[in-house]
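Chemist: Everything below, folded, please.
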Amino acid sequence: MDKILRIDVGAEGGPKATAGAMGEYAGFAGRALTSAIVSKEVPPLCHALGAENKLVIAPGMLSGTTGAMSGRISVGCKSPLTGGIKEANAGGQPSQVLARLGYGAIVLEGKPKGDDLYKVFINKDGVRIAADNSLKMLPNYDLVAKMKAEYGDKIACISIGPAGEMKMSAASIACTDMELRPTRHAGRGGVGAVMGSKGIKVIVLDDTGMQMRAPKDPEKFKEANKRFIEGLKKHPVTGQGLPAYGTNVLTNILNEVGGYPTYNFRQGRFDGAAKISGETQAETETKRGGLATHGCHRGCVIQCSGTYHDKDGHYLTKQPEYETVWAHGGNCGISDLDGIAMLDFLDDNYGLDTIEMGATIGVAMEAGLAKFGDVEAAIKLVHEVGKGTHLGRILGNGTAFTAKAFGVEHAPVVKGQAMPAYDPRAVQGVGVTYATSPMGADHTAGYAVAQNVLKVGGDVNALKPEGQVELSRNLQIATAAIDSTGMCLFIAFAVLDQPETFQALLDMLNAFYGLSLTGDGVTDLGKKVLSMERDFNARAGFTAQQDRLPRYFKMEKFAPHNVTFDVKDEDLDKVFNW
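Modeler: Numbering: from 1, shown residues only. Just a heads-up that it's a prediction; the model follows:
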């Protein structure tokens with residue numbers, strides 16, 4: 001990972017690739033690298049779909065190594081959804097493969113001169129870019145099948161579906177999993193629209209002939225990795241709950257505590273939750289010949305993914321994640337697991353963020369376009385997006401856009417981005433994260449659910465404002481650092497509870513790079529990343545007024561606890577006072 005690959009899509013005669021040294025970005029990877037490049041090189045006031053924006057794809061510090069859980073990839077740009085800086089994160093195989101090919105980042109820059117669509121192929125011999133208009137408007141599954149037929153089955157793909165080509169603000173970027181299926185998505189912020197604006201349909205990666213990245217101290221790295229894995233396996237969340245039931249283990253938990261947003265964030269419990277829970281999902285998957293426990297990339301030891309089959313035992317989609325099951329399920333009043341799985345497949349195939357689409361359909365249902373609970377109507381609405389009809393283009397531009405188009409007051413968004421599956425009134429720490437993260441409403445930016453609900457790494461009362469600002473601040477700092485390592489965010493459960501597991505992670509980084517990194521160094525990295533991101537947003541025109549939840553969360557009490565979001569504005573403004 002000693003070079004950056006830049007592809008100027010607006011070059012004379014078609015896109016041109018040049019590889020150069022890391023230069024001033026040496027030492028950065030993952031989110032730290034995407035945010036550093038975007039913050040330095042992208043004019044904050046530019047149009048997100050214009051020539052001045054850049055799409056940065058970066059593996060993490062430990063990607064491409066034998067380190068467990070190190071296969072996350074960061075995708076950064078100016079977001080067409082929020083108007084601010086964006087880092088969207090995905091699993092799958094591309095991060096490991098790109099890192100082994102020696103690239104710290106791929107940067108797509110400029111704007112195409114014509115309307116040709118391009119594919120990029122990268123292997124040990126270099127980079128080939130070719131126009132291929134036969135790929136236009138192909139959904140992701142068909143696209144990957146075509147790439148597999150052309151380049152073989154030892155590849156990994158980074159691609160967009162029709163939503164990205166149509167430059168919709170809810171468009172995602174798909175990454176293929178171990179089975180070469182486009183199931184892992186950098187979903188948030190409309191990054192797929194930016195890739196579409198660059199005229200790049202797919203990046204195909206082949207690391208045949210390349211070795212694993214070698215640590216400076218192989219024995220210390222191996223020993224630290226062993227301790228790290230042991231820590232993950234002995235923690236009840238990463239060693240038991242997630243492997244057994246996937247991320248959807250949270251449905252019954254959040255429903256029980258009354259923090260599960262239902263009917264477009266109207267109440268905190270859903271009567272049909274048990275029908276779509278992780279327990280029910282795992283049982284269904286196993287009974288039909290699917291998998292309830294599976295990894296999204298090689299080197300994953302938590303194994304929180306799975307494979308979902310239809311009633312006839314045929315593959316339908318990967319195991320729908322908790323956020324997806326909530327967004328298309330409880331949020332829309334839908335308790336049909338097969339219908340939710342179909343919606344998940346369609347989102348992946350068209351290239352759409354499941355959180356944004358589920359929240360959008362919830363708003364559309366409130367607007368009267370469909371009835372809450374009508375799964376067939378929800379499926380039809382997603383097809384409208386995939387086809388690019390007039391209605392589809394409204395929905396495909398997200399929750400805030402749809403609410404404005406249909407006059408709906410209840411738009412659960414911050415900075416234009418839809419809220420995930422935790423109501424900020426019932427889980428107030430995550431409300432602080434939603435409000436203040438540079439990314440817009442994003443649970444992963446500072447997952448206060450850990451302490452508010454799961455009581456991992458501490459216990460902060462979810463229904464009270466006290467302690468939430470400090471909690472969110474510390475988690476946002478830690479998350480920015482973890483996102484830079486290429487590690488899956490779920491390692492945080494064990495790292496928060498087990499000092500020896502955190503030390504093992506530090507030892508892995510130190511053994512690999514020959515560093516002497518401490519916990520304070522990790523904190524400093526997280527602060528640096530957040531400072532770059534907030535600086536970009538400030539130059540883009542963001543003020544403290546953008547670090548707020550929609551007003552109705554302060555005004556309307558939320559059942560069953562009858563609470564409002566009570567963290568004061570002046571306290572929200574202190575989150576980044578370090």
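
Chemist: Determine the longest helix present in this protein.
Modeler: helix 519-539 (DSSP state H).

Chemist: chain center to it, what's the gap?
Modeler: Here helix 519-539 is found 19 Å from its chain centre; the criterion is CA atoms, centre = their mean, to the nearest Å.

Chemist: how about the next helix-or-strand element following it: buried residues?
Modeler: Counting by DSSP states H and E, the next helix or strand C-terminal to helix 519-539 is helix 552-555. Residues of helix 552-555 classed as buried by neighbour count (16 or more other CB atoms under 10 Å): 553, 554. C-beta coordinates here come from the backbone N, C-alpha and C atoms, glycine included.

Chemist: Just the CA coordinates for helix 552-555, please, in PDB.
Modeler: Taking Å, rounded to 0.1, in the frame of the first residue of the first chain, the C-alpha atoms of helix 552-555 are listed here in PDB:
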ATOM      1  CA  TYR A 552     -40.300  17.300  16.400                       C
ATOM      2  CA  PHE A 553     -37.900  15.000  18.400                       C
ATOM      3  CA  LYS A 554     -37.800  17.700  21.100                       C
ATOM      4  CA  MET A 555     -41.600  18.400  20.900                       C
END
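
Chemist: Contacts made by it with the rest, please.
Modeler: 409, 410, 424, 425, 431, 564, 565, 566 (CB atoms under 8 Å, 6 or more residues apart in numbering).

Chemist: Weed out the non-buried ones from the residues you listed.
Modeler: 410, 424, 425, 431, 565, 566.

Chemist: can you put the residues you listed in a markdown table and add pLDDT?
Modeler: Shown next, in a markdown table, are the buried ones among the contacts of helix 552-555 (pLDDT from 0 to 100):
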| residue | pLDDT |
| --- | --- |
| 410 | 96 |
| 424 | 98 |
| 425 | 98 |
| 431 | 98 |
| 565 | 98 |
| 566 | 97 |
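
Chemist: follow-up on the earlier one: just the mean pLDDT for the longest helix of the chain, thanks.
Modeler: Helix 519-539 shows a mean pLDDT of 97.

Chemist: May I see the buried residues of it?
Modeler: In helix 519-539, counting by 16+ other CB under 10 Å, buried: 522-523, 525-534, 536-537.

Chemist: Residues contacting it, please?
Modeler: For helix 519-539, contacts defined as CB under 8 Å, 6+ apart pick out 31-32, 35-36, 38-39, 42, 44-45, 78, 84-85, 87, 438-439, 476-481, 483-484, 502, 506, 515, 546, 576, 578.

Chemist: Can you flag which of those residues belong to strands?
Modeler: Among the contacts of helix 519-539, the members found in strands (DSSP state E) are 78, 85, 87.

Chemist: Now residue 533: closest residue in space that isn't a chain neighbour?
Modeler: In this structure, residue 533 finds its nearest non-sequential neighbour in residue 438, 3.9 Å apart by CB to CB, 6 or more residues apart in numbering.

Chemist: again with residue 165
Modeler: Residue 165 sits nearest to residue 196 (CB to CB, 6+ apart), 4.8 Å away.

Chemist: All the helices of the stretch 51-200 of the chain, residue numbers only.
Modeler: For the stretch 51-200 of the chain, helices defined by DSSP state H, counting those that start in this stretch occupy the ranges 94-100, 140-151, 162-165, 191-197.

Chemist: how about those in TSV, adding distance to residue 392, mean neighbour count and mean pLDDT?
Modeler: Shown next, in TSV, are the helices of the stretch 51-200 of the chain (distance: least, CB to CB, whole Å; neighbours: other CB atoms under 10 Å; pLDDT from 0 to 100):
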stretch	distance to residue 392	mean neighbour count	mean pLDDT
helix 94-100	28	29	97
helix 140-151	17	18	98
helix 162-165	9	28	98
helix 191-197	14	30	98
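
Chemist: can I get those in TSV with distance to residue 469?
Modeler: Formatted as TSV, these follow (distance: least, CB to CB, whole Å):
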stretch	distance to residue 469
helix 94-100	33
helix 140-151	40
helix 162-165	36
helix 191-197	29
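
Chemist: For residue 365, which of those helices is the nearest?
Modeler: Among the helices of the stretch 51-200 of the chain, the nearest to residue 365 by CB to CB is helix 162-165 (20.3 Å).

Chemist: Could you export that closest one as CSV, CA atoms only?
Modeler: In CSV, the C-alpha atoms belonging to helix 162-165 read as follows (Å, rounded to 0.1, in the frame of the first residue of the first chain):
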residue,chain,number,x,y,z
PRO,A,162,-28.8,1.7,-12.1
ALA,A,163,-29.4,4.0,-9.1
GLY,A,164,-25.7,5.1,-9.2
GLU,A,165,-25.8,5.6,-13.0
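
Chemist: List the contacts of it.
Modeler: For helix 162-165, contacts defined as CB under 8 Å, 6+ apart pick out 117, 136-139, 170-173, 192-193, 195-196, 201, 350-352, 385-386, 388, 396.

Chemist: From those, list the buried ones, please.
Modeler: 117, 137-139, 170-173, 192-193, 195-196, 201, 350-352, 385-386, 388, 396.

Chemist: pretty sure residue 189 is touching residue 438, no?
Modeler: No. When contacts are counted by CB atoms under 8 Å, residue 189 is not listed as touching residue 438 (10.8 Å).

Chemist: more neighbours, those two?
Modeler: Remark: of residue 189 and residue 438, residue 189 carries more neighbours, 35 against 29, as counted by other CB atoms under 10 Å.

Chemist: separation between the more buried one and residue 12?
Modeler: 31 Å (CB to CB, to the nearest Å).

Chemist: now do residue 367
Modeler: Taken as CB to CB, the span from residue 367 to residue 12 is 47 Å.

Chemist: Between the two, point out the one with more neighbours.
Modeler: Neighbours per residue (other CB under 10 Å) separate residue 367 from residue 12, with residue 367 holding more: 16 against 7.

Chemist: Can you check the pLDDT for the more buried one?
Modeler: According to the model, residue 367 carries a pLDDT of 98.

Chemist: How about residue 552?
Modeler: 97.

Chemist: Next: residue 1.
Modeler: 77.

Chemist: Which residue comes closest to it once chain neighbours are left out?
Modeler: residue 104 (4.3 Å).

Chemist: residue contacts, that neighbour?
Modeler: Taking CB under 8 Å, 6+ apart, one finds 1, 2, 3, 4, 22, 25, 28, 29, 33, 58, 59 in contact with residue 104.

Chemist: Between those residues, which has the least confident prediction?
Modeler: Lowest pLDDT among the contacts of residue 104: residue 1, 77.

Chemist: And that one, how close does it get to residue 538?
Modeler: For residue 1 relative to residue 538 (CB to CB), the value is 30 Å.

Chemist: do the same with residue 30
Modeler: 23 Å.

Chemist: is it true that residue 18 lies in a helix?
Modeler: No. Counting by DSSP: H, G, I helix; E, B strand; the rest coil, residue 18 is not found in a helix; it is strand.

Chemist: That one is in contact with residue 6, isn't it?
Modeler: Yes. At 5.4 Å, residue 18 and residue 6 qualify as touching, with contact defined as CB under 8 Å.

Chemist: Have a look at these two and say which one is more surrounded.
Modeler: Set residue 18 next to residue 6 and count neighbours by other CB under 10 Å: residue 6 wins out with 19 against 12.

Chemist: roughly how far apart are that one and residue 190?
Modeler: 22 Å.

Chemist: One more: residue 505?
Modeler: 32 Å.

Chemist: And the two? Which one has more around it.
Modeler: More crowded of residue 505 and residue 190, by other CB under 10 Å: residue 190, with 35 against 26.
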